[in-house]
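Novice: sequence first, then the predicted structure, then my questions.
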Amino acid sequence: MNTIAQSAILREVWEQGWQNGLTQVALNMIRAKIDPVQVATLTGLSIERVNSICLDLVNPEQSAQLMRDWQNQSESSLAEVWLNDEEDRAWEDL
C-alpha cells in the first residue's frame with residue numbers, strides 16, 4: 001500500500017475517532033440534562049445527531065451495536081495500514 005493511501009486511511013480513522021469522542025461528550029452532556037440545542041452548539045454536532053444520541057439512550061442495545069460496528073470498522077481500517085506484525089501487536093495492546 002502506498003503512502004498516500006495509508007495517509008488517507010489514517011485520516012479517516014482519526015476522523016472517526018474524533019466523531020466518536022464528540023458523540024461521547026454529547027452523551028455525557030445529555031445525561032447531565034443539558035438542553036440538546038446547547039449540546040449541539042457546544043459540540044458542533046448537528047441537532048439531528050444530538051437527537052439521535054438522545055434516542056440511543058432510550059434503546060441501549062441499539063447504541064451498543066453501533067459502538068461494536070464502529071470498533072470493528074476502525075480496527076479493519078487500521079489493519080489495512082500496518083506494515084508489520086510488531087505494529088499489529090502494538091495496536092492490540094491499546
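Specialist: Structure's in. What do you need?
Novice: and residue 51, how many residues sit next to it?
Specialist: The tally of other residues near residue 51 (other Cβ atoms under 10 Å) stands at 15. In short, each C-beta sits where N, CA and C put it, glycine included.
Novice: how about it, nearest residue that isn't a chain neighbour?
Specialist: The spatially closest residue to residue 51, leaving aside those adjacent along the chain, is residue 36, at 6.3 Å (Cβ to Cβ, 6 or more residues apart in numbering).
Novice: mind listing what that neighbour touches?
Specialist: Applying Cβ atoms under 8 Å, 6 or more residues apart in numbering, we find residue 36 in contact with 30, 47, 50-51, 54.
Novice: would you reformat those residues as JSON lines and include pLDDT and secondary structure?
Specialist: Formatted as JSON lines, the contacts of residue 36 follow (pLDDT from 0 to 100; DSSP: H, G, I helix; E, B strand; the rest coil):
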{"residue": "30", "pLDDT": "90", "secondary structure": "helix"}
{"residue": "47", "pLDDT": "92", "secondary structure": "helix"}
{"residue": "50", "pLDDT": "91", "secondary structure": "helix"}
{"residue": "51", "pLDDT": "89", "secondary structure": "helix"}
{"residue": "54", "pLDDT": "84", "secondary structure": "helix"}
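Novice: out of those, which comes closest to residue 9?
Specialist: residue 50 (28.4 Å; Cβ to Cβ).
Novice: wait, the closest one sits on residue 41?
Specialist: No. With contact defined as Cβ atoms under 8 Å, residue 50 does not count as touching residue 41 (9.5 Å).
Novice: looking at the two, which has the bigger crowd around it?
Specialist: Neighbour count, other Cβ under 10 Å: between residue 50 and residue 41, residue 50 has more, with 24 against 12.
Novice: pull the CA atoms of stretch 2-10 into PDB?
Specialist: Extracted C-alpha coordinates of stretch 2-10, given in PDB (Å, rounded to 0.1, in the frame of the first residue of the first chain):
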ATOM      1  CA  ASN A   2       1.400   3.400  -0.900                       C
ATOM      2  CA  THR A   3       2.000   6.300   1.500                       C
ATOM      3  CA  ILE A   4      -0.900   8.400   0.100                       C
ATOM      4  CA  ALA A   5      -3.400   5.500   0.600                       C
ATOM      5  CA  GLN A   6      -2.000   4.900   4.100                       C
ATOM      6  CA  SER A   7      -2.300   8.600   4.900                       C
ATOM      7  CA  ALA A   8      -5.900   8.700   3.700                       C
ATOM      8  CA  ILE A   9      -6.900   5.700   5.800                       C
ATOM      9  CA  LEU A  10      -5.200   7.100   8.900                       C
END
